[in-house]
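> Task: produce atomic coordinates for the following.
(2 chains)
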There are 2 protein chains.
Amino acid sequence: MTAVSFTVHATDGGARTGVLELGRGHVRTPAFMPVGTAGTVKAMYMDQVKALGADIILGNTYHLMLRPGAEKVARLGGLHAFGGWQGPILTDSGGFQVMSLSALRKLDADGVTFKSHIDGSMHRLTPERSVEIQTMLDADIVMQLDECVRLPTGRDNVERAMRLSLDWAIRSRQAFGSQPGKAIFGIVQGGDQKDLRVASAAALRAMDFPGYAIGGLAVGEPQEVMLDMIETVEPHLPAAKPRYLMGVGTPDDLVECVGRGIDMFDCVLPTRAGRHGLAYSRFGKINLRNARHAEDARPLDETSSCPAARDYSRAYLHHLTRSGEILGMMLITWINLAYYQELMAGMRDAIASGRFADFGAEVKEGWQRGDIAPL
Amino acid sequence: MTAVSFTVHATDGGARTGVLELGRGHVRTPAFMPVGTAGTVKAMYMDQVKALGADIILGNTYHLMLRPGAEKVARLGGLHAFGGWQGPILTDSGGFQVMSLSALRKLDADGVTFKSHIDGSMHRLTPERSVEIQTMLDADIVMQLDECVRLPTGRDNVERAMRLSLDWAIRSRQAFGSQPGKAIFGIVQGGDQKDLRVASAAALRAMDFPGYAIGGLAVGEPQEVMLDMIETVEPHLPAAKPRYLMGVGTPDDLVECVGRGIDMFDCVLPTRAGRHGLAYSRFGKINLRNARHAEDARPLDETSSCPAARDYSRAYLHHLTRSGEILGMMLITWINLAYYQELMAGMRDAIASGRFADFGAEVKEGWQRGDIAPL
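Residues are numbered from 1 along each chain as shown, chains lettered A, B, ... in the order given. Take a look at the predicted model:
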């Protein structure tokens, strides 16, 4: 199978469920992509990630180009062989992390020059080089290079970055060419300015990308601003193409955004939080560092299909977290990714059976109710 | 089954193989006990440890008494329920780590008072309290409290510590009483002084312990001194009881010491080294941080039964180690514990079939030959 296709099987209000077919496999949507920054979903074995129901993971171009280097990954057979993930992989363009992580950077119309946060070496990303790197990594979904501005910022700056990103979209699409079984996504920018968001979406749509991302959200603005922007952009994106909201989010964000027509997500939250003792569950967010868990012999969720949530006491998870034990990070990351995938599967089922609104209300009620031992 | 028994099934030169039966299960000897310091074998799931063939693990009284506390572990059902290990557990007495880890300590004839390295709180261990703690943890093998001196040190100091340890052996045995299915081991001390080692062994033998440990070795002395002390002590220990060499060692140490009649070992080396990119294998010690592995697409050992040694390239293990990724620690710890258990199983088989000397020569030849990519 070499053609990329996206099929919406059911809609329910603004929400929709379907399948994105790629050369390396299918992605059931709405989908959450665990973040595999440097060729590893931190503290997880890839077969665990797969077993949780993830169809696709994300890799970070910025990290991989710096270490071990895209050429090296290519010589070793590509990112799939390197990290042991056989399904589809989406890579970001590197642009966002150049802005957030690199020690020093200088943007011009042609690209961005920056200093590695690892060893201080100088590097350059252009739209063409970003696509080249992602192609060497053998990404199944390639993202255009864009410029993402932090909010709040002035309208002039937002507009300049949006226009630059459109120019880079054209160049990225050109550089990508035609790759059987693979796709490149354009990225809508425009900050918190509705008219700029609409202009960005319309211009990208005219370029006929196989998929569209919404970037530059969840960068400091309130959730209502993010949802407002999604509602603004959604009608201007083609219904027949997948919509990916980058870097989002909390379980609540996922439910709210699926309800507004988003098909794909990625976020470091479940993995990063898992390394800091913070668990996501059907009982909401549970901070296992908290002393109230120290003698709680109950598992985090005895009904979970995830052994980490079912077979260890909260007291043990608390102990591991307080002691800085690697197993604590392993177990809570596992719990979080399991919950995220369970939530996505629940949303897919609910949309297919026309009860998405009820499902959303039920999960939120569970988070509100909670299940924490009294002090 | 409530009786503890030890049966030697075969001997080959000084080496022997057998089974130690405890209430919670049997331990095939010679045995290597992975170290589960604070209720977790670091960076491993307990079911992985079990699948590698470990029959018994070790827990550290010092760590567990400080965090989460022995009383808390007891309220949560004991160390087995707490950490999810259903087989036998041996706990040390805490004495060694009071000496090596605590911030401040004062030894007297009755016990030792020390300051926690975690929070500065003051604690006291006596022979009776150590046994009480180990019993609360529900240890299957309890170790007497002893005083272990670092080598080199003066003979007077060695002798004083040995005599104190004998006094504490009596008190520990008394405190242990009779616990069905469980055992307490005495510990031979005496530093690098042969006559003191013999005196210690003879005095302990007269106390008729269910098992005997040799302590105070691998504390800075050359391997030949250690082996000399084992050869000195071994004839003075009853052949019908298990012999446990504490805190040892490298794969080479294990082979040499099994050849001198040792039945049980524990050491942090395979787990600690695994967190620092150092792998133990049939090709010897391989430092995966080394740049020569950066483009080596071969697995560490394609014939291994351990997926971590078989399914990932050395280049990937190198990348993970250099990047400080938790998965690197997980995979290399797994590789090391797999190799240690494989080595023990190989020695047990070789002893049973009367080819222990050949087996030892073969494994050493493999370590010498190595299998590192040329620079």
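> So which residues make contact with stretch A:309-316?
Residues outside stretch A:309-316 that contact it (CB atoms under 8 Å, 6 or more residues apart in numbering or on different chains) are A:281, A:286, A:288, A:293-304, A:331, A:335, A:338-339, A:373, B:39, B:68, B:72, B:76, B:81-84. (Glycine included, C-beta is placed from N, CA and C.)
> ok, the most centrally placed residue in chain A - contacts?
For chain A, the residue sitting closest to the mean C-alpha position, by CA atoms, centre = their mean, is residue A:266 at 1.0 Å. Residues near residue A:266 by CB under 8 Å, 6+ apart: A:32, A:33, A:34, A:35, A:58, A:90, A:244, A:246, A:247, A:248.
> For burial, what's the neighbour tally of the residue of the stretch 101-250 of chain A found nearest chain B?
Evaluated by CB to the nearest CB, the stretch 101-250 of chain A has residue A:118 as its residue closest to chain B, separated by 8.7 Å. As a burial measure, residue A:118 scores 14 neighbours (other CB atoms under 10 Å in any protein chain shown).
> confidence score at it?
We have a pLDDT of 92 for residue A:118.
> Find the nearest non-adjacent residue to it, please.
Excluding its sequence neighbours, the residue lying closest to residue A:118 (CB to CB, 6 or more residues apart in numbering or on different chains) is residue A:66, at 5.5 Å.
> That neighbour: neighbour count?
23.
> can you tell me which residues contact it?
A:116, A:117, A:118, A:119, A:121, A:123.
> So how do I select the buried members of those in PyMOL?
Command for PyMOL that selects the buried part of these, burial taken from 16 or more other CB atoms under 10 Å in any protein chain shown:
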select buried, chain A and resi 116+117+123
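> one step back: please confirm that the residue of the stretch 101-250 of chain A closest to chain B is located within a helix.
No - with DSSP: H, G, I helix; E, B strand; the rest coil as the criterion, residue A:118 is located in coil rather than a helix.
> That one and residue A:67 touch, don't they?
Yes - under the contact definition of CB atoms under 8 Å, residue A:118 touches residue A:67, with a separation of 6.0 Å.
> Now do the residue of the stretch 101-250 of chain A closest to chain B against residue B:293, distance only.
18 Å (CB to CB, to the nearest Å).
> again with residue A:90
Taking CB to CB, one finds residue A:90 at 28 Å from residue B:293.
> next one: residue A:178
The spacing between residue A:178 and residue B:293, counted by CB to CB, is 37 Å.
> The two: which is more packed in?
Neighbour count, other CB under 10 Å: between residue A:178 and residue B:293, residue B:293 has more, with 25 against 6.
> quick revisit: buried subset of the contacts of residue A:266?
A:32, A:33, A:34, A:35, A:58, A:90, A:244, A:246, A:247, A:248.
> in the sheet, who's paired with the nearest residue to the second one once chain neighbours are set aside?
Translated: residue A:33. Leaving aside its sequence neighbours, residue A:33 sits nearest to residue A:266 (CB to CB, 6+ apart; 4.2 Å). On the basis of DSSP bridges, residue A:266 is bridged to residue A:33, residue A:248.
> Chain B contacts on the stretch 1-150 of chain A?
Within reach of chain B by CB under 8 Å from any CB of the partner chain, the stretch 1-150 of chain A has these residues: A:38-40, A:42-45, A:67-68, A:72, A:75-77, A:81-84.
> ChimeraX command for the buried members of those?
Remark: buried members of the residues of the stretch 1-150 of chain A next to chain B, expressed as a ChimeraX selection using 16+ other CB under 10 Å:
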select /A:38,39,40,42,43,44,45,68,72,76,82,83,84
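> before we move on, back to that, I'd like the list of the contacts of stretch A:309-316 that fall within helices, please.
Counting by DSSP state H, the contacts of stretch A:309-316 place A:331, A:335, A:338, A:339, B:72, B:81, B:82, B:83 in helices.
> what about the nearest residue to the third one once chain neighbours are set aside, how many residues close to it?
Distances taken as CB to CB, 6+ apart put residue A:306 closest to residue A:338, at 3.6 Å, once the chain neighbours are dropped. Summarising burial for residue A:306: neighbours were counted as other CB under 10 Å, giving 22.
> My read is that residue A:306 contacts residue A:52, right?
Yes - taking contacts as CB under 8 Å, residue A:306 lies within contact range of residue A:52: 7.3 Å.
> Quickly list what's touching both of the two.
What both residue A:306 and residue A:52 touch, as defined by CB under 8 Å, 6+ apart, is the set A:334, A:338.
> what's residue A:101 sitting at in phi/psi?
With angles defined as degrees, to the nearest 10, residue A:101 sits at phi -120, psi -30.
> So it is in contact with residue A:62, correct?
Yes - Residue A:101 is within contact range of residue A:62, at 6.6 Å (criterion: CB under 8 Å).
> Who has more neighbours out of those two?
residue A:62 (27 against 17).
> Spit out the contact partners of the more buried one.
A:92, A:94, A:96, A:97, A:98, A:101, A:102.
> any weak-confidence spans in chain A?
A:1-2, A:374-375 (pLDDT under 70).
> Run through the helices of the stretch 201-350 of chain A in chain order.
Counting by DSSP state H, counting those that start in this stretch, the stretch 201-350 of chain A has helices at residues A:223-233, A:251-258, A:269-274, A:307-310, A:314-322, A:326-352.
> No further queries at this time; thank you.
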